[in-house]
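Chemist: need the 3D shape of this:
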Amino acid sequence: MADPLRPLDPSLFDYWCAQHLLNRAGFGGTPSQVRALANMGLSKAVDSVVNYEAIEADPVQTDLFDKDIMQPRSRSARLAIQRARERGDEAALAEARRRRQERQRADRAQFGELRRWWLRRMIETPRPLEEKMTLFWHGHFATGYRAIEDSYHMLMQNELFRRHAVGNFSLLVHGIIRDPAMLRYLNNDQNRKEKPNENLARELMELFTLGEGNEYTEDDIKHGARALTGYTFEDDSFVNLSSRRYRRLHDDGLKRILRAIGHFDGDDFVRIILSRPSCSRFICWKLYRFFVNDLPGEPNESARAVIIDLAKLFRRSKYELKPVLRTLFASEHFFEPANTASLIKSPIQLIVQAIRSLQTPARNIGVLLRSADRMGQSLFLPPSVKGWEGGRSWINTSTLFIRQNLLFYLLTGHRPDRHGWQTHGEPFDAVHLIDHLRTSNGRVNTREAVTYLLWFNFGREPDRTRVDTLRKAVRDQGDRLDNDALIRLLTLITASPEYQLC
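Modeler: All right, here's what the predicted structure looks like:
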């Protein structure tokens, strides 16, 4: 078999290859951004996407959010509540409940702002792969706010994903077993030697590293849970492993995990897991489905060969992600016709890519988030620890209707549930999308423009019938391509089933 990860012939890296790279390794780009990437050539283009640290971006300002809203009660406050219970002082207990409910309301309000903040960041970032990978890890190490009820801990986890977005997977896994949001979500804050809790150990192997049924047994889970006893947090910080509290909660007895025997702790548990070949294969399979082709069922022979070779590279690179992503994004396989326009856009991809590539106004971030919720993807609220199923699960008659209405809203400012006078008034200038097609006399060939807009929005060459149909629609409207005509044309294009693909 030929090299599954053979690099693309650099002479074949054209405008449409550059767009494919921007769509998959980020959230799309404008025509001018696509041209700029194409002009770099394959190697420099991939480097510019993957080595995004060279691009200046706003740091995450955690001080924008209040870390003390859900601060745990002080010792004196706990004693006061205990004394009130002993005395039967209902008034004092009611006051304590009222103050906690106030904090919970304040935290829910901050959680809403956190969701708006991240969506804005994805729309505006000059480093799209950073946010795309942060979104990937959020779906992989899925954690939901409702079980945690601490918006600052969700922010901390989000920043953990961003910090290791294309870094070292080993460091990320060691970080996740120290992450307050994950420890709370999977109840490891209740994991102690007298009563081990298996939730984190089970999901660590089953969903986060090895894949369901790969190599581990129920006994491995039980011993892994013992290794993770005492891994908890205090306020916003992971517990000190040399502290008295940890030593009191941790089971230091002999454990047997994946045939290794020793007095293991949580970090040893992670190290043993990462030594298994199935770990690199599982993560590379997840990356393949996210970036290349969301194949239902088992991967085909071609995909399997790519995943196996990526996994070998992943292990050789000591779990560094950059070499894997760079090799994948530069490969001939990544650009094969079967792998272009083959992924169904997630709701977040649909929203962010439309705004970034068409340059529509973002309009109202709250409306966009509610639309994403209704389409099945709520930021910081995945449906379960398995994250979002993705793929074909994104599309049904209800979500397709919402998707079409959302694009109409971005293009025109009109919402189907509002009166005409309640239109979001910020105008959208669509003319920039075809400016590069103008001849020296300022004219644009309408067939050429229709063909380009279809290809640009569908991610692959359109068939002649579709071009003819839309060309006729333009001709019936006076054969003009002014801003109003372009918006009408884009409304038809974005309502097409092909627009749902990336």
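
Chemist: so Ala311 is in which element?
Modeler: Taking DSSP states H and E as the criterion, Ala311 maps to helix 301-316.

Chemist: Asn240 - nearest residue in space that isn't next to it in sequence?
Modeler: Nearest non-adjacent residue to Asn240, counting by C-beta to C-beta, 6 or more residues apart in numbering: Tyr246, 6.5 Å away. For glycine as for every other residue, the C-beta is placed from the backbone atoms N, C-alpha and C.

Chemist: and the helix or strand that contains that neighbour, how far out from the chain's middle?
Modeler: Assigned by DSSP H and E, Tyr246 falls within helix 244-249. On the basis of C-alpha atoms, centre = their mean, to the nearest Å, helix 244-249 is displaced by 36 Å from the centre of the chain it belongs to.

Chemist: which other helices and strands does that helix contact?
Modeler: On a contact count with 3 or more C-beta pairs under 8 Å, 6 or more residues apart in numbering; DSSP states H and E, helix 244-249 meets no helix or strand.

Chemist: not counting that helix itself, show me its contacts.
Modeler: Helix 244-249 has contacts (C-beta atoms under 8 Å, 6 or more residues apart in numbering) with 191-193, 229-230, 232, 234, 239-240.

Chemist: still on that earlier bit, just the pLDDT for the residue nearest to Asn240.
Modeler: Tyr246 carries a pLDDT score of 97 in this model.

Chemist: from the contacts of helix 244-249, which would you call buried?
Modeler: Neighbour counting with 16 or more other C-beta atoms under 10 Å marks 191-192, 229-230, 232, 239 as buried within the contacts of helix 244-249.

Chemist: which other helices and strands does whichever helix or strand Leu492 is part of contact?
Modeler: Taking DSSP H and E as the criterion, Leu492 maps to helix 483-494. Identification of packing neighbours for helix 483-494 by 3+ C-beta pairs under 8 Å, 6+ apart yields helix 397-412, helix 446-458, helix 464-476.

Chemist: now with 10 Å, please.
Modeler: Packing contacts for helix 483-494, counted by 3 or more C-beta pairs under 10 Å, 6 or more residues apart in numbering; DSSP states H and E, involve helix 347-358, helix 397-412, helix 446-458, helix 464-476.

Chemist: just give me the closest of the contacts of helix 244-249 to Trp394.
Modeler: Proximity of those to Trp394 (C-beta to C-beta) peaks at Asn191, which lies at 34.9 Å.

Chemist: my guess is the closest one contacts Lys222, does it?
Modeler: No. With contact defined as C-beta atoms under 10 Å, Asn191 and Lys222 do not form a contacting pair (11.9 Å).

Chemist: burial count for Gln82?
Modeler: By other C-beta atoms under 10 Å, 10 other residues sit near Gln82.

Chemist: just for the stretch 101-250 of the chain, where's the confidence low?
Modeler: Along the stretch 101-250 of the chain, segments meeting pLDDT under 70 are nowhere present.

Chemist: repeat for the stretch 351-500 of the chain
Modeler: Looking at the stretch 351-500 of the chain by pLDDT under 70, you get 417-424.

Chemist: quick one on the thing from earlier: pull the helix holding Tyr246 out as CSV, backbone CA atoms only.
Modeler: The C-alpha trace of helix 244-249 is given here as CSV (Å, rounded to 0.1, in the frame of the first residue of the first chain):
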residue,chain,number,x,y,z
ARG,A,244,-2.7,15.8,55.3
ARG,A,245,-6.1,15.7,53.6
TYR,A,246,-4.8,13.8,50.6
ARG,A,247,-2.9,11.3,52.8
ARG,A,248,-6.1,10.8,54.8
LEU,A,249,-8.2,10.1,51.7
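
Chemist: list the buried ones in it?
Modeler: Quick answer for helix 244-249 (16+ other C-beta under 10 Å): 246, 249.

Chemist: end-to-end on stretch 244-254?
Modeler: By C-alpha to C-alpha, to the nearest Å, the extent of stretch 244-254 from end to end equals 20 Å.

Chemist: figure out how far it is from the centre of its chain.
Modeler: Offset of stretch 244-254 from its chain centre (C-alpha atoms, centre = their mean): 36 Å.

Chemist: now swap in stretch 105-117 and tell me
Modeler: Counting by C-alpha atoms, centre = their mean, stretch 105-117 is centred 19 Å from the centre of its parent chain.

Chemist: make 211 the first number, not 1, from now on.
Modeler: Got it, first residue is 211 now, which makes that one stretch 315-327.

Chemist: relative to its centroid, which residue of this structure is most remote?
Modeler: The centre of the chain is farthest from one residue, Arg297, which by C-alpha atoms, centre = their mean lies 50.6 Å away.

Chemist: OK, contacts around it?
Modeler: Leu303 (C-beta atoms under 10 Å, 6 or more residues apart in numbering).

Chemist: how near is it to Ile291?
Modeler: Using C-beta to C-beta, to the nearest Å, we find Arg297 at a distance of 11 Å from Ile291.

Chemist: overlap in contacts of these two?
Modeler: With C-beta under 10 Å, 6+ apart, Arg297 and Ile291 have common neighbours Leu303.

Chemist: mind listing the shared neighbours of Asn401 and Lys432?
Modeler: Taking C-beta under 10 Å, 6+ apart as the contact rule, Asn401 and Lys432 both touch 408, 411.

Chemist: how near is Trp439 to Asp694?
Modeler: Careful, residue 439 is Thr and not Trp. In terms of C-beta to C-beta, Thr439 sits 66 Å off from Asp694.

Chemist: got it, and Gly472?
Modeler: Taking C-beta to C-beta, one finds Gly472 at 71 Å from Asp694.

Chemist: how close does Arg388 get to Gly377?
Modeler: Distance from Arg388 to Gly377, by C-beta to C-beta: 16 Å.

Chemist: so how far is Pro282 from the residue positioned nearest the centre of the chain?
Modeler: Centrality entry for the chain: nearest residue to the mean C-alpha point is Leu345, 1.6 Å, by C-alpha atoms, centre = their mean. Per C-beta to C-beta, Leu345 is found 30 Å from Pro282.
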